[in-house]
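1. pasting a predicted model and its sequence here:
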Amino acid sequence: GQQLNQSPQSMFIQEGEDVSMNCTSSSIFNTWLWYKQDPGEGPVLLIALYKAGELTSNGRLTAQFGITRKDSFLNISASIPSDVGIYFCAGQLDYGQNFVFGPGTRLSVLP
Amino acid sequence: DAGVTQSPTHLIKTRGQQVTLRCSPKSGHDTVSWYQQALGQGPQFIFQYYEEEERQRGNFPDRFSGHQFPNYSSELNVNALLLGDSALYLCASSRWEAHSGNTIYFGEGSWLTVV
């Protein structure tokens, strides 16, 4: 089946630092979604991207739909302790199709 | 505006038993997808329901079955439970879009432990 790769697998950063993570695939996707999941809870949608090259922000979060349509990037500026969690990317191959999820990037923020 | 609601939140079953999990989609949504998330992994797609029919299915055995009701709510049934079925089961709702990108919203999940 389709696979998404996320990097880094985990990261430790200082509070106030910026964070970058990405999601790559060998397949072309037409939609990318980014989620954050806290322990014991369901994933919460952060940003949705629908067009190649699209750059979308949600507060301190910015995500981009890669030009090749095979990747997407998520940046978090000025990290704070509540940014701790696991960040998942999800891609949709075609309209109406199910979403494929990456394995996640685990973010830890040190005070 | 109610979000996606799932029940029960936690349950423990014995190997060989059967389980039913329930989901009510977000208001205005007509499509329900179910995902299984094992510890430390990303969600894996089980199946999707739209207009009370299974529209797509992931790589899961027939022991996993579902249903969608006229009010768009859905059930996930798992028969002959195995230890490996222990996971967080997530329901995701969306509005059916055949010609544009989707956005799916998750519930809090149902934690299933098989002993």
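-> That came in fine, so what should we check first? Residues are numbered from 1 along each chain as shown, chains lettered A, B, ... in the order given.

2. what is the burial count for A:L107?
-> 20 (other Cβ atoms under 10 Å in any protein chain shown). For the C-beta atoms, the positions are set from N, CA and C on the backbone; glycine is no exception.

3. right, I mislabeled it, should have said A:Q3
-> Other residues lying near A:Q3 total 12 when counted by other Cβ under 10 Å.

4. how about A:C23?
-> A:C23: 28 neighbours (other Cβ under 10 Å).

5. equivalent analysis for the one 3 residues further on, please.
-> Residue neighbour count, defined by other Cβ under 10 Å, stands at 9 for A:S26.

6. surely it touches A:D71?
-> No: contact criterion Cβ atoms under 8 Å: A:S26 and A:D71 do not qualify, at 10.4 Å.

7. contact residues of chain A facing chain B?
-> Residues of chain A lying close to chain B (Cβ under 8 Å from any Cβ of the partner chain) are A:1, A:4, A:30-31, A:33, A:35, A:40-45, A:48, A:50, A:88, A:90, A:92, A:95-104.

8. packing partners of the helix or strand containing A:C89?
-> Using DSSP states H and E, A:C89 maps to strand A:85-92. Packed against strand A:85-92, as judged by 3 or more Cβ pairs under 8 Å, 6 or more residues apart in numbering or on different chains; DSSP states H and E, are the following elements: strand A:4-7, strand A:19-25, strand A:31-37, strand A:71-76, strand A:99-101, strand A:105-110.

9. any chance of those in JSON lines, plus distance to B:K13 and mean pLDDT?
-> What follows is these, written out as JSON lines (distance: least, Cβ to Cβ, whole Å; pLDDT from 0 to 100):
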{"stretch": "strand A:4-7", "distance to B:K13": "31", "mean pLDDT": "96"}
{"stretch": "strand A:19-25", "distance to B:K13": "34", "mean pLDDT": "97"}
{"stretch": "strand A:31-37", "distance to B:K13": "24", "mean pLDDT": "97"}
{"stretch": "strand A:71-76", "distance to B:K13": "37", "mean pLDDT": "98"}
{"stretch": "strand A:99-101", "distance to B:K13": "25", "mean pLDDT": "96"}
{"stretch": "strand A:105-110", "distance to B:K13": "29", "mean pLDDT": "96"}
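
10. looking at those strands, which is nearest to B:V78?
-> The minimum distance between B:V78 and the helices and strands packed on strand A:85-92 falls on strand A:99-101, with 20.1 Å, by Cβ to Cβ.

11. ok, that closest one: who's next to it in the sheet?
-> Using DSSP bridges, the strands paired with strand A:99-101 are strand A:85-92 (antiparallel).

12. now the angle from the partner strand to strand A:19-25?
-> Orientation note: strand A:85-92 sits at an angle of 30 degrees relative to strand A:19-25 (axes from the mean of the first three to the mean of the last three Cα atoms, to 10 degrees).

13. picking up where we left off before, ok, which of the helices and strands packed on strand A:85-92 comes nearest B:G58?
-> Among the helices and strands packed on strand A:85-92, the nearest to B:G58 by Cβ to Cβ is strand A:99-101 (9.4 Å).

14. now do the phi/psi pair for B:G84.
-> The phi/psi pair for B:G84 (degrees, to the nearest 10) reads phi -70, psi -10.

15. residue contacts, it?
-> Neighbour list for B:G84: B:V114 [criterion: Cβ atoms under 8 Å, 6 or more residues apart in numbering or on different chains].
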